[in-house]
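[1] Provided below for reference: sequence and predicted model.
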Amino acid sequence: MSLNKLKKDELKIVAEELNLTVPEGAKIADLKSLIVNSDVYKNDKELVQSAIDYALAEIKNKRLDSETKLEFERIKLAQLQKQLELASIQKNLLQNSDIQNPSVLETAANINVETLLKSVKALTIPVPSRVESYNLFFQSLEKAFKIKEVPEQFKGEILLNILGERVNNLLVHVSEEELNNYSKLKDVVLKEFSPTP
């Protein structure tokens, strides 16, 4: 039970825990003297020790909190810097003449479609083996489209990709207009896989 190693803020907490009145502007020596000369210090060593332990724990927690907040602010700042870098890169890409090259645009679109496809697949139920479950599949798919804000132009491509081999022979009979229109493509798929009466 040594008060000598305690700092001013720790001594202040100990004094407050012992219900001692801390004078305003008290220095370390004043705080030590206040604690040592108190009746509690002389009569109840356990209480004093628990007050010291509490003060040390309280200061440690405050330091951890402030370190955590500081780290969180650093992370937020780093994120903001990355967002600014990304915005700057995107701006430069738009101004760059290479962006007019269709292959660069196609690559960016493919990456976007692939990302959308992965996230939509994760949110959609598996393609059903029973025909009766296709309505549920499409409800799930359309909900994923809405959540991920999938542009209309990618919906058909994502649908075909998710259905995979099941629609290979269907592609031969589908017009280009139907391929680019999700609603029409959905109707064709439902018609193809609907049970025959």
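    Great, that's in hand.

[2] In the chain, where is pLDDT below threshold?
    1, 96-111, 195-197 (pLDDT under 70).

[3] for it, what's the longest helix?
    Secondary structure of the chain per DSSP state H: the longest helix is helix 45-95.

[4] so what secondary structure elements neighbour that one?
    Helices and strands touching helix 45-95, by 3 or more CB pairs under 8 Å, 6 or more residues apart in numbering; DSSP states H and E, are helix 8-17, helix 39-43. For the C-beta atoms, the positions are set from N, CA and C on the backbone; glycine is no exception.

[5] Relative to residue 88, which of those is closest?
    Comparing these against residue 88 with CB to CB, the closest turns out to be helix 8-17 (44.0 Å).

[6] Just the residues contacting the closest one, thanks.
    3, 6, 22, 26-28, 31-32, 34-35, 48, 50-52, 54-56, 58-59 (CB atoms under 8 Å, 6 or more residues apart in numbering).

[7] Likewise for stretch 31-42?
    Looking at what lies outside stretch 31-42 - CB under 8 Å, 6+ apart - the contacts are 3-4, 8, 11-12, 14-15, 18-20, 22-23, 26, 47-48.

[8] so how far is that stretch from its chain's centroid?
    Centre-to-centre, stretch 31-42 and its host chain are 50 Å apart (CA atoms, centre = their mean, to the nearest Å).

[9] for it, which positions count as buried?
    31, 32, 34, 35, 38, 40, 41 (16 or more other CB atoms under 10 Å).

[10] Let me know the closest of those to residue 180.
    residue 31 (78.3 Å).

[11] now the one helix or strand the closest one maps to and helix 45-95, what's the angle there?
    Here residue 31 sits within helix 28-36, counting by DSSP states H and E. Counting by axes from the mean of the first three to the mean of the last three CA atoms, to 10 degrees, helix 28-36 points 140 degrees away from the direction of helix 45-95.

[12] what about dumping the CA coordinates of helix 28-36 to PDB?
    Extracted C-alpha coordinates of helix 28-36, given in PDB (Å, rounded to 0.1, in the frame of the first residue of the first chain):
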ATOM      1  CA  ILE A  28       0.700  15.700  -5.000                       C
ATOM      2  CA  ALA A  29       2.200  16.300  -1.500                       C
ATOM      3  CA  ASP A  30      -1.200  17.800  -0.300                       C
ATOM      4  CA  LEU A  31      -3.100  14.800  -1.600                       C
ATOM      5  CA  LYS A  32      -0.700  12.300   0.100                       C
ATOM      6  CA  SER A  33      -0.800  14.200   3.300                       C
ATOM      7  CA  LEU A  34      -4.700  14.400   3.200                       C
ATOM      8  CA  ILE A  35      -4.900  10.600   2.700                       C
ATOM      9  CA  VAL A  36      -2.200   9.600   5.300                       C
END
